[in-house]
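Novice: Make a model of this:
(one chain, ligands or ions: 1)
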Amino acid sequence: MILLVKTGGAASLPEWQALFAELLPGLEVRWWDDPTVRPEDVAYAFVWAPEPGRLASFPNLRLVISSGAGVDHLLADDRLPAVPIAKMGAPEAVARMREYALATVLFHHRKFHRFIANQRVRRWEEAETTEAANRTVGIMGLGTLGLPAACALREAGFRVRAWARTERALEGIETFAGASALPAFLSSTEILLCLLAATPETTGILNARTFAMLPRGACVINAARGCHVVIPDLLAALESGQLEAATLDVFDVEPLPEDSPVWTHPMIFVTPHVASFPDRAARARFVAEAIRAFEVDGTVLNAFDPRRGY
Ligand code: NDP
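Specialist: The predicted structure is shown next:
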């Protein structure tokens, strides 16, 4: 039985093999396009952005494990076989996103965006800041990553509200569900953090219309997928003062092209898709756990649900 790996570049294979030798002895680990692999021997694939049609060429494929929490890179394959997909859900991935949420929300809460922009032009200008208890942070998405991030922000003292597709009650977090509740959710959100799944419904959701629903001077953080933000609308909202600043970790095209106006905007802060990037050992532990759970009784950890689309 073979586990094919396509993540981190072919040069990373020896490291993956060493990690899996300890975690899953008995499983053969080979690189994705190794020509000596017999397609019928492939049982598992641990992949990022496989070439369309390639997964369908393995007749005995049992489980696909996405190297990222998102599956947009898999859904781009129009011949994706109907095998279960486990989305990366390593505890370390959750912890790293919690940190990113805290770091970026605190960054905007304490107006560091202004101080950094001022430093560039040697301007000494104080800004009034307030306590976390007086700041409302809104999280879009309450999934594997959004819920722990919302809880961490609540524990840091912020007033936290959250919006998702389905209703739920959470202690100390005001929750909103569905499209009809979006205006109410946004109306008091001073710092917005997007951790939504990428689906046709959420594509372009951060646009002129939704920015206008936020209080004037709000800040926006996108750590989910580039498709959520309409960049020209973001630039216009910053220009008009409707938004004060933004932090973006993800983009439609990555790496972000050199000529993107996002690079040079004084109130946009770019991180290179690093919000939650667990190391290889952590990802290997999750893959091993996913394969073991699947072999025991067919359980798919952190399963992609094709009906929901995430
Ligand atoms: P999940 O699938 O666990 O959660 C997705 C959330 O989106 C759920 O809360 C879901 O609502 C909500 N949602 C989906 N559709 C809608 C809709 N139409 N309206 C309202 N809410 C909706 O995803 P994860 O938490 O694992 O990942 C979140 C995002 O983070 C993904 O886009 C992923 O690709 C991205 N990501 C980014 C990384 C980075 O480094 N920047 C790293 C890893 C992931 P409900 O709870 O009701 O189902």
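
Novice: Helix, strand, or coil at the residue of the chain found nearest the ligand?
Specialist: At 1.9 Å from the ligand, residue 143 is the closest residue in the chain, using C-beta to the nearest ligand atom. Using the backbone N, CA and C atoms, a C-beta is placed for each residue, glycine as well. With DSSP: H, G, I helix; E, B strand; the rest coil as the basis, residue 143 sits in coil.

Novice: Skipping adjacent residues, who's closest to it in space?
Specialist: Using C-beta to C-beta, 6 or more residues apart in numbering and skipping the chain neighbours, the partner closest in space to residue 143 is residue 197 (6.6 Å).

Novice: Am I right that that neighbour sits in a strand?
Specialist: No. Residue 197: not assigned to a strand; according to three-state DSSP it is coil.

Novice: Could you pull up phi and psi at it?
Specialist: Torsion angles at residue 197 (phi, psi; degrees, to the nearest 10) stand at phi -70, psi 150.

Novice: Please tell me the pLDDT value assigned to it.
Specialist: We have a pLDDT of 97 for residue 197.

Novice: Contact partners for it?
Specialist: For residue 197, the contact set (C-beta atoms under 8 Å, 6 or more residues apart in numbering) comprises 70, 141, 143, 224, 308, 309, 310.

Novice: Taking those residues, please make a ChimeraX selection of just the buried ones.
Specialist: Applying 16 or more other C-beta atoms under 10 Å to the contacts of residue 197, the buried members can be selected in ChimeraX as follows:
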select :70,141,143,224,310
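
Novice: hmm, who's touching the helix or strand encompassing residue 4?
Specialist: Using DSSP states H and E, the element containing residue 4 is strand 2-6. Contact with strand 2-6 is made by 12-13, 16, 20, 24, 27-34, 37, 41-50, 58, 67, 287, 291, as judged by C-beta under 8 Å, 6+ apart.

Novice: Note down every partner strand of it and its orientation.
Specialist: Under the criterion DSSP bridges, strand 2-6 sits next to strand 28-31 (parallel), strand 42-47 (parallel) in its sheet.

Novice: Pick the most deeply packed of these.
Specialist: Mean neighbour count (mean count of other C-beta atoms under 10 Å) peaks for strand 42-47 among those, with a mean of 24.

Novice: tell me the mean pLDDT for that strand?
Specialist: Mean pLDDT, computed over strand 42-47, is 98.

Novice: Same check on stretch 158-166?
Specialist: Averaged over stretch 158-166, pLDDT sits at 98.

Novice: still on that earlier bit, what would the contacts of residue 197 look like in TSV with distance to residue 86 and pLDDT?
Specialist: TSV is the format used below for the contacts of residue 197 (distance: C-beta to C-beta, whole Å; pLDDT from 0 to 100):
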residue	distance to residue 86	pLDDT
70	13	93
141	19	98
143	14	96
224	19	98
308	15	95
309	16	94
310	13	96
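
Novice: buried sites along stretch 273-280?
Specialist: In stretch 273-280, counting by 16+ other C-beta under 10 Å, buried: 273, 275, 276, 277, 278.

Novice: any chance of those residues in CSV, plus distance to residue 214, pLDDT and secondary structure?
Specialist: Converted to CSV, the buried residues of stretch 273-280 look like this (distance: C-beta to C-beta, whole Å; pLDDT from 0 to 100; DSSP: H, G, I helix; E, B strand; the rest coil):
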residue, distance to residue 214, pLDDT, secondary structure
273, 24, 96, coil
275, 21, 97, coil
276, 24, 95, coil
277, 28, 87, coil
278, 31, 91, coil
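
Novice: among the residues you listed, which are in reach of the ligand?
Specialist: Filtering the buried residues of stretch 273-280 for neighbours of the ligand using C-beta under 6 Å from any ligand atom leaves 273, 275, 276, 277.

Novice: State the pair within those residues that is farthest apart.
Specialist: The largest separation in these, counting by C-beta to C-beta, is between 273 and 276 at 9.4 Å.

Novice: Quick check: end-to-end length of stretch 75-88?
Specialist: Using C-alpha to C-alpha, to the nearest Å, one end of stretch 75-88 lies 15 Å from the other.

Novice: chain center to it, what's the gap?
Specialist: In terms of C-alpha atoms, centre = their mean, to the nearest Å, the centre of stretch 75-88 is found 18 Å from the chain centre.

Novice: got the contact list for that stretch?
Specialist: 49-56, 58, 61-71, 74, 144, 278, 283, 286, 290, 294, 300-304, 309.

Novice: Show me which residues of the stretch 1-150 of the chain sit near the ligand.
Specialist: Residues of the stretch 1-150 of the chain lying close to the ligand by C-beta under 6 Å from any ligand atom are 68, 69, 70, 141, 142, 143, 144, 145, 146.

Novice: Identify the farthest-apart pair in those residues.
Specialist: Pairwise distances across those (C-beta to C-beta) peak at 18.9 Å, for the pair 68 and 142.
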